[in-house]
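*Asks:* Fold the following for me, if possible:
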Amino acid sequence: MPNCARYLIFFQYIGTKYSGVVKVPQHEVVKKGVQDHLEDAIRRLKPINPVAVSISSRTDRGVHALSNSAHFDLQRKNDKPPFAADILLQALNAQLKEEQIGITRALRVPDHFHARFLAHSRTYVYRLALGIPYHSLLPFTERHLCWNLRNTELDVGAMREAAALLVGTQDFSTFRAVSTEMHFKNPVKTLDVVSVQPGRSFVHTHFHREIPFWEITFTSRSFLYKQVRRMTGALVAVGRGKLSVPRLKEILLARDSLAYPQSMAAPPDGLFLTRVDYRETDLQPSQQTSEEQCISRGNSEK
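*Replies:* Purely as a prediction, here's the structure:
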């Protein structure tokens with residue numbers, strides 16, 4: 001009886017203790033990536049096919065997620081039927097209980113489904129805390145989960161004016177960091193949302209001090225390497241009066257990563273991937289596949 005299934009999972013993590021979301025080459029391991037732990041958890045379910053998780057959205061060391069996503073194939077031993085999605089979710093979370101990683105949703109998807117390429121949009125939120133002079137004075141629930149700007153007041157009006165420059169389809173070469181993939185990825189992206197809105201502390205009703213929070217939200221189908229952190233850093237520089245809106249426009253139009261001011265990028269601590277969205281038509285249940293197809297897919301996605 002064919003019993004290979006492809007699953008889509010949505011998962012959350014606190015990125016502080018991981019090297020990033022993607023797996024780390026064995027010869028470089030200092031901290032594992034989130035993907036390493038996900039694949040280890042799936043292997044403990046003892047599938048007979050090779051385990052290979054395909055992550056939808058790359059996040060760097062120290063960046064967090066409330067909802068990242070990934071797909072993988074799983075075939076059980078002895079012709080056992082595929083796991084029901086809710087059973088799979090519970091089983092994986094049991095294997096991940098010692099980690100700051102949790103599966104929030106699991107579902108069976110078509111055999112051709114791909115978590116990365118079929119993602120319709122991704123949303124990131126960057127959290128800013130104002131008015132706390134020392135990092136140690138932040139509540140424990142906020143440490144490494146926001147960018148503390150200490151006594152700084154922000155010109156939110158100027159930030160919103162600058163944010164409007166980033167919306168739409170344009171070449172974002174200035175806002176991508178140098179990487180080995182630089183020459184293979186199209187720098188033209190479409191940003192559907194760039195907004196600056198009030199936020200709040202995770203413990204705002206219980207902490208003894210009111211902490212002003214702001215959130216910068218970015219939505220696009222895809223982003224360039226470190227694009228969100230570099231855009232956030234530029235918007236905060238505008239809010240602090242260190243960068244004018246016309247100067248930001250000049251930097252954007254330069255279409256050159258070297259035009260981006262050094263040391264302006266926001267730190268990873270305050271960045272959260274909050275949504276990865278798919279079209280419902282792409283999530284329709286799959287037909288069962290043969291054992292050979294499942295093993296072939298596993299090998300090809302390594």
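*Asks:* ok, which stretches of the stretch 101-250 of the chain are strands?
*Replies:* Assigned by DSSP state E, counting those that start in this stretch, the stretch 101-250 of the chain shows strands spanning 101-109, 121-129, 147-148, 168-171, 188-199, 213-220.
*Asks:* Would you tell me which of the ones you listed gets closest to H71?
*Replies:* Smallest distance to H71 across those (CB to CB): 6.5 Å, for strand 101-109. Where C-beta positions appear, they are placed from N, C-alpha and C, glycine not excepted.
*Asks:* From the chain's centroid, how far away is that closest one?
*Replies:* 15 Å (CA atoms, centre = their mean, to the nearest Å).
*Asks:* What lies in contact with the longest helix belonging to the chain?
*Replies:* Criterion DSSP state H: the longest helix present in the chain is helix 227-239. Helix 227-239 is touched from outside by 124, 126, 128, 147, 149, 152, 154-156, 158-159, 161-163, 166, 172, 174-177, 189, 194, 196, 216, 218, 243-245, 248, 251, 260-261, 264-268, 270-271, with contacts defined as CB atoms under 8 Å, 6 or more residues apart in numbering.
*Asks:* Buried ones in it, by neighbour count?
*Replies:* 227-239 (16 or more other CB atoms under 10 Å).
*Asks:* Contacts only, for L248.
*Replies:* When contacts are counted by CB under 8 Å, 6+ apart, L248 touches 162, 165, 234, 238.
*Asks:* what pLDDT does it get?
*Replies:* If you check L248, the pLDDT there is 98.
*Asks:* Against K242, how distant is it?
*Replies:* L248 sits 11 Å away from K242, taking CB to CB, to the nearest Å as the criterion.
*Asks:* Please apply the same query to F202.
*Replies:* Taking CB to CB, one finds F202 at 28 Å from K242.
*Asks:* Looking at these two, which is more packed in?
*Replies:* F202 (16 against 12; other CB atoms under 10 Å).
*Asks:* Would you check that T59 makes contact with Y18?
*Replies:* No: assessed by CB atoms under 8 Å, T59 is found out of contact with Y18, at 9.2 Å.
*Asks:* Quickly list what's touching both of the two.
*Replies:* In contact with both T59 and Y18: no residue, using CB under 8 Å, 6+ apart.
*Asks:* Residue ranges in the stretch 1-150 of the chain under the pLDDT threshold?
*Replies:* The model of the stretch 1-150 of the chain has pLDDT under 70 over residues 1-2, 27-29.
*Asks:* mind listing the helices for it?
*Replies:* Along the stretch 1-150 of the chain, the stretches classed as helices by DSSP state H, counting those that start in this stretch are 34-43, 85-95.
*Asks:* tell me what the longest one is packed against?
*Replies:* Under the contact criterion of 3 or more CB pairs under 8 Å, 6 or more residues apart in numbering; DSSP states H and E, the helices and strands touching helix 85-95 comprise strand 4-13, helix 34-43, strand 101-109.
*Asks:* okay, those, which one's buried deepest?
*Replies:* When the helices and strands packed on helix 85-95 are scored by mean count of other CB atoms under 10 Å, the highest mean neighbour count falls to strand 4-13 (a mean of 23).
*Asks:* With only the CA atoms kept, save that strand in PDB.
*Replies:* The C-alpha trace of strand 4-13 is given here as PDB (Å, rounded to 0.1, in the frame of the first residue of the first chain):
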ATOM      1  CA  CYS A   4       4.400   8.200   1.300                       C
ATOM      2  CA  ALA A   5       3.100  11.700   2.100                       C
ATOM      3  CA  ARG A   6       4.300  15.200   1.700                       C
ATOM      4  CA  TYR A   7       3.600  17.600   4.600                       C
ATOM      5  CA  LEU A   8       3.700  21.300   5.100                       C
ATOM      6  CA  ILE A   9       4.600  22.500   8.600                       C
ATOM      7  CA  PHE A  10       4.500  26.000  10.100                       C
ATOM      8  CA  PHE A  11       6.900  26.400  13.000                       C
ATOM      9  CA  GLN A  12       8.100  29.100  15.400                       C
ATOM     10  CA  TYR A  13      11.400  29.600  17.100                       C
END
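*Asks:* which secondary structure elements does it contact?
*Replies:* helix 34-43, strand 64-75, helix 85-95, strand 101-109, helix 291-300.
*Asks:* What strands flank the second one, and is each parallel or antiparallel?
*Replies:* Right, the one you point to is strand 64-75. Strand 64-75 has its sheet partners listed here by DSSP bridges as strand 4-13 (antiparallel), strand 54-55 (antiparallel), strand 271-277 (parallel).
*Asks:* what about N49, distance to Q75?
*Replies:* 4 Å.
*Asks:* let me redo that: F218
*Replies:* 38 Å.
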